[in-house]
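In: compute the structure for the input listed below.
(2 chains)
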There are 2 protein chains.
Amino acid sequence: MDATLAATEAFLHHQIPITAAMGVKVAAYDAAGLLLTAPLEENHNHLGTAFGGSISSLATLAGYALLWLELGDHTAHIVIRSSSLSYQKPIRGDLHALCHHPLPDDLTAFKARLEKSGKARISLTVTLSENGTACATYQGEYVALR
Amino acid sequence: MDATLAATEAFLHHQIPITAAMGVKVAAYDAAGLLLTAPLEENHNHLGTAFGGSISSLATLAGYALLWLELGDHTAHIVIRSSSLSYQKPIRGDLHALCHHPLPDDLTAFKARLEKSGKARISLTVTLSENGTACATYQGEYVALR
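Out: From the prediction side, this is the model:
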């Protein structure tokens, strides 16, 4: 595994212990965005599909993790301000949450505002898909503070 | 503990295993609504406050659990359709998620629709408070299917 992904996964498991219990893995960080996965076994509901709470938790985490990696240091505090989630289809296997990269201009503006005023806000989108079909779509507003 | 609360807690821990790892307790079901709790120790983030993902997961679960108890049987499938969450303040201690009772007329209409058409939708509100102050407010749309 790429060293950055392994270090991020270790950081998450150590600092946010429920992510270890969920079996969260940092699977990829590439042109598509940041991909987190979690096994169905630890995250199923009474129907044997993915628990809605685990879906929302994994999506929330994917946004945090993308910002940590984008900011490249851990001196900024990142907090979540609000989120919304639409559940379209049940997830019958392992969970895959892809946090999409923000538009380059939005990311540049976010970093510049954080640098200048010590506070900046950004909106992120996370898609939970199975076999190429979107099953849940998440939007989160995050604030970074220095 | 009241037998209904104990049975509900055992059902959740057995059927949705991450709720056992989160240390979820079914604390009360009374005129105020359904109260779930979870210890900070299992649900903190890197800042030592409640992890946003655990907040969203506990709120999602509180809505499910209230509907299970309101419907009084487990023959209906309850699924979540959408949710939104506003995070107002960090939670520095254990998590308390209160799912408020729906208005009596809304609950009556929900049950009647489920009975008549086999499908009904209801919106629920969950408040996460600490020392009497609301820290996060959740709205969820749930669908029951027979």
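
In: name the residues of chain A found near chain B, please.
Out: Residues of chain A found near chain B (Cβ under 8 Å from any Cβ of the partner chain) are A:11, A:15-19, A:21-22, A:41-47, A:51-54, A:56-58, A:60-61, A:64, A:77, A:79-87, A:90. From N, CA and C alone the C-beta is placed, and that goes for glycine too.

In: try 6 Å this time
Out: A:15-16, A:18, A:21, A:42-43, A:45-46, A:51-54, A:56-57, A:60-61, A:80-87 (Cβ under 6 Å from any Cβ of the partner chain).

In: among the residues you listed, which are in helices?
Out: The helices, defined by DSSP state H, take in A:15, A:18, A:21, A:42-43, A:52-54, A:56-57, A:60-61 from the residues of chain A next to chain B.

In: dump these to TSV, plus neighbour count.
Out: Output for those, formatted as TSV (neighbours: other Cβ atoms under 10 Å in any protein chain shown):
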residue	neighbour count
A:Gln15	15
A:Ile18	25
A:Ala21	18
A:Glu42	18
A:Asn43	27
A:Gly52	28
A:Gly53	29
A:Ser54	30
A:Ser56	33
A:Ser57	32
A:Thr60	29
A:Leu61	28
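
In: tell me which stretches of chain A form strands.
Out: A:25-30, A:33-38, A:77-87, A:95-100, A:119-130, A:133-145 (DSSP state E).

In: ok, which of the ones you listed comes nearest B:Thr108?
Out: Evaluated over the strands of chain A, closeness to B:Thr108 peaks at strand A:77-87, with 25.7 Å, by Cβ to Cβ.

In: now A:Pro39. Nearest residue, chain neighbours left out?
Out: A:Gly23 (4.7 Å; Cβ to Cβ, 6 or more residues apart in numbering or on different chains).

In: any idea how far the one you found is from A:Leu47?
Out: To A:Leu47, A:Gly23 is 19 Å away according to Cβ to Cβ, to the nearest Å.

In: do the same with A:Asp106
Out: Applying Cβ to Cβ, the value for A:Asp106 to A:Leu47 is 37 Å.

In: same question for A:Ser86.
Out: Applying Cβ to Cβ to A:Ser86 and A:Leu47 gives a distance of 19 Å.

In: try A:Ser56
Out: Distance, A:Ser56 to A:Leu47, by Cβ to Cβ: 17 Å.

In: over to A:Ala20?
Out: 25 Å.

In: and the residue positioned nearest the centre of chain A, what's its pLDDT?
Out: The residue lying closest to the centre of chain A (Cα atoms, centre = their mean) is A:Ala62, at 0.6 Å. As summarised for this prediction, A:Ala62 has a pLDDT of 98.

In: show me the contacts for it.
Out: By Cβ atoms under 6 Å, 6 or more residues apart in numbering or on different chains, the contact list for A:Ala62 reads A:34, A:36, A:97, A:99, A:126.

In: likewise for A:Gly140?
Out: By Cβ under 6 Å, 6+ apart, A:Gly140 lies in contact with A:63, A:80, A:83, A:124.

In: what do you get if the cut-off is 10 Å, keeping everything else the same?
Out: A:56, A:59-60, A:62-64, A:67, A:80-85, A:99, A:122-126, B:52, B:56, B:85, B:87 (Cβ atoms under 10 Å, 6 or more residues apart in numbering or on different chains).

In: residues touching A:Ile91, list them.
Out: When contacts are counted by Cβ under 10 Å, 6+ apart, A:Ile91 touches A:40, A:43-44, A:49-52, A:54-55, A:128-130, A:133, A:135-136.

In: swap in A:Gly48?
Out: A:40, A:90, A:92, B:15.

In: same thing but at 8 Å, please
Out: The contact partners of A:Gly48, by Cβ atoms under 8 Å, 6 or more residues apart in numbering or on different chains, come to A:Arg92.
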